[in-house]
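Undergrad: Sequence plus predicted model, see below.
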Amino acid sequence: MSEPTWRAVEQIMGLPVSIALRGRHAGSAAGNAAWAAVVADLRTVDRAFSTYRTDSWISRHNAGELLDPPPEAAEVLALAEAARRESDGAFDVRRTGRGPVGSLDLDGVVKGWAVQRAAARLRDLDDTDSCLSGGGDLVCWTAEPDGAPWRIGIEDPLDPRGVIARLPVSRGAVATSGRVHRGDHIVDARTGRPPVGGPVSVTVVGAELAQVDIDATVAFAQGGRAVAWLRARPDHAGLVVWGDGRVETWRSAA
């Protein structure tokens, strides 16, 4: 018989953040305290980086105010710069032609980074498996490396009522980028336009959510080169769904 799973959800950063715990601390006082700490961490990030809040650091920065950045900004900006280089400019957080010089859009970096960072709090729960989701992008953890994996359903982008695959994940992260729920919100920064002839969704599995979330976005922006670009990334696997319903999977070398 499988262990009972405790679940909770909060609306943070403009999206549902949910938790699932299995094992010793599923529903315990320690489990609830760890969840409260996760929520507090993510709300702190929201206050600094949310583009939906006029009082956040990023919104005030983009309005032209001269403010000291929060201490976490250096780490987020370093991830963004690495993604710009490794994508040959397809991913760029700089808002070219929009707002004051130096305006930034960090949404493509912050969510995965923040959820990954907050999930570290759950690893202190002994004999407890955890799965933390930020808008469907997940950090999975099993207390024992060879413990029963979490089984992650991947939505069919051509029929969102269905699941196109189920991926077993013990210790790792899963991120999906696509246009199903948010339309053409991902653009190739080199052109400023959504990619043409590319996939309808890209799912990437790897060790760290901050990286697989960025890589899923970059691959989507690469259009028809999505899989070729992903195959060159180390220690990743996943699947791409094309407009004709074809599903292409890959696993890159270590």
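TA: Here it is on my side, so go on.
Undergrad: can you pull the contacts of residue 222?
TA: Residue 222 is in contact with 87, 90, 188, 195, 198, 228-229, counting by C-beta atoms under 8 Å, 6 or more residues apart in numbering. Every residue, glycine included, has its C-beta placed from N, CA and C.
Undergrad: if you set the cut-off to 6 Å instead, what comes out?
TA: Residue 222 sits next to 90, 229 when contact means C-beta atoms under 6 Å, 6 or more residues apart in numbering.
Undergrad: Now do the helices in this structure.
TA: Ranges of helices within the chain are 29-49, 57-62, 73-86, 107-119, 209-221, 226-231, based on DSSP state H.
Undergrad: Which one of those lies nearest to residue 157?
TA: When the helices of the chain are ranked by proximity to residue 157, the top entry is helix 209-221, at 11.0 Å, counting by C-beta to C-beta.
Undergrad: Next one: the nearest residue to residue 90 once chain neighbours are set aside, what pLDDT does it get?
TA: Among residues not flanking residue 90 along the chain, residue 221 sits closest, at 4.5 Å (C-beta to C-beta, 6 or more residues apart in numbering). For residue 221, the pLDDT comes out at 90.
Undergrad: quick one on the thing from earlier: tabulate the helices of the chain (JSON lines), appending mean neighbour count and distance to residue 164.
TA: Below are these laid out as JSON lines (neighbours: other C-beta atoms under 10 Å; distance: least, C-beta to C-beta, whole Å):
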{"stretch": "helix 29-49", "mean neighbour count": "17", "distance to residue 164": "29"}
{"stretch": "helix 57-62", "mean neighbour count": "18", "distance to residue 164": "34"}
{"stretch": "helix 73-86", "mean neighbour count": "16", "distance to residue 164": "26"}
{"stretch": "helix 107-119", "mean neighbour count": "24", "distance to residue 164": "21"}
{"stretch": "helix 209-221", "mean neighbour count": "27", "distance to residue 164": "15"}
{"stretch": "helix 226-231", "mean neighbour count": "18", "distance to residue 164": "16"}
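Undergrad: Take the ones you listed and write them to TSV, including distance to residue 19.
TA: Formatted as TSV, the helices of the chain follow (distance: least, C-beta to C-beta, whole Å):
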stretch	distance to residue 19
helix 29-49	5
helix 57-62	26
helix 73-86	23
helix 107-119	9
helix 209-221	14
helix 226-231	29
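Undergrad: between those helices, which one is nearest to residue 135?
TA: For these, proximity to residue 135 was assessed by C-beta to C-beta; helix 107-119 is nearest, at 6.7 Å.
Undergrad: now the closest one, how far from the centre of its chain.
TA: Centroid separation for helix 107-119 versus its chain: 6 Å, with C-alpha atoms, centre = their mean, to the nearest Å.
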